[in-house]
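Q: Sequence and predicted structure, then a few things I'm wondering about:
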Amino acid sequence: MRANKAIIKQLTKVTLLGTIVYQLTPAEASLLNSCTSGSICNILENLVDLDNTTNKTVRNLNSQNVSKITILTQLQNIQTFQSYKNDLNDLETLLNVLQKKSEIKSNEIGAIESSSLVVKLQTLQSELKTLQSEQGTLETELQKLAQTKAEKDAVQRTVARIEDLAKNSAKADEIKKLESELQKLAQTKAEKDAVQRTVNRIEDL
């Protein structure tokens, strides 16, 4: 492709209006200026009319004693625009092809994405079933552990109770010993007090 929209736009503005229009008669310039109000495509589609206008332009240029080189340049410009018109048609055709391919590709992508989502959904469903199975197993083990813990706690409480009873029994024996010693001490003190009182009485006498 020799042309694109940017080049077509530039040549339409610069070459067509700048090089050709100002050398036309006022009527011809008005005719061409009326084309500039439309889109670039509309201007290019009117190139057949421009070919007819070019013949008039050549006559006008000859009457103004313009060099043959300038005339040939204008003719080449018209041929260039005709070539760009063909290129534009090719570009439009290519654009249509690309749009169709894009639609097909989009449909293919949609199908692929849909298939991918189905696979992902199936995978997630499988993983969910596995997790539910594992959850049931864990709940069973938890119940067993709870039962085992309750049994261990009961055993631990019994052991603690036995230890407390053993401690209390030892304390009871110790208390009895202390009470016996206290009684002995009290008896000894009473005897000492009696002796002391007797001594004091003797001294008083």
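A: Perfect, thanks for sending it.
Q: quick one, what contacts residue 200?
A: For residue 200, no residue meets the contact criterion (Cβ atoms under 8 Å, 6 or more residues apart in numbering). For glycine as for every other residue, the C-beta is placed from the backbone atoms N, C-alpha and C.
Q: Mind pulling the model confidence for it?
A: Looking at residue 200, its pLDDT reads 73.
Q: Secondary structure element holding it?
A: helix 68-204 (DSSP states H and E).
Q: For this structure, which residues score under the pLDDT cut-off?
A: 1-92, 94-99, 101-118, 162, 165-166, 186, 198-199, 202-203, 205 (pLDDT under 70).
Q: try it again with 80
A: For the chain, the stretches flagged by pLDDT under 80 are 1-125, 132, 134-205.
Q: And for residue 168, the neighbour number?
A: Counted with other Cβ atoms under 10 Å, the neighbours of residue 168 add up to 10.
Q: And residue 124, by the same measure?
A: 10.
Q: mind checking how far it is from residue 136?
A: To residue 136, residue 124 is 19 Å away according to Cβ to Cβ, to the nearest Å.
Q: One more: residue 168?
A: On the measure of Cβ to Cβ, residue 168 and residue 136 end up 48 Å apart.
Q: cool, and residue 204?
A: 99 Å.
Q: Between those two, which has more neighbouring residues?
A: Using other Cβ under 10 Å as the criterion, residue 204 and residue 136 rank with residue 136 on top: 10 against 6.
Q: how about the more buried one, what does it touch?
A: Neighbours of residue 136 in contact, by Cβ under 8 Å, 6+ apart: none.
Q: next one: residue 155
A: Contacts of residue 155 by Cβ under 8 Å, 6+ apart: none found.
Q: Distance of it relative to residue 168?
A: Distance from residue 155 to residue 168, by Cβ to Cβ: 20 Å.
Q: cool, residue 121 as well?
A: 68 Å.
Q: for residue 175, same thing?
A: For residue 175, the distance to residue 168 - Cβ to Cβ - is 10 Å.
Q: Please apply the same query to residue 140.
A: 42 Å.
Q: Same check on residue 125?
A: Following Cβ to Cβ, the distance that separates residue 125 from residue 168 is 63 Å.
Q: same thing with residue 138?
A: Applying Cβ to Cβ to residue 138 and residue 168 gives a distance of 44 Å.
Q: cool, and residue 160?
A: Taken as Cβ to Cβ, the span from residue 160 to residue 168 is 12 Å.
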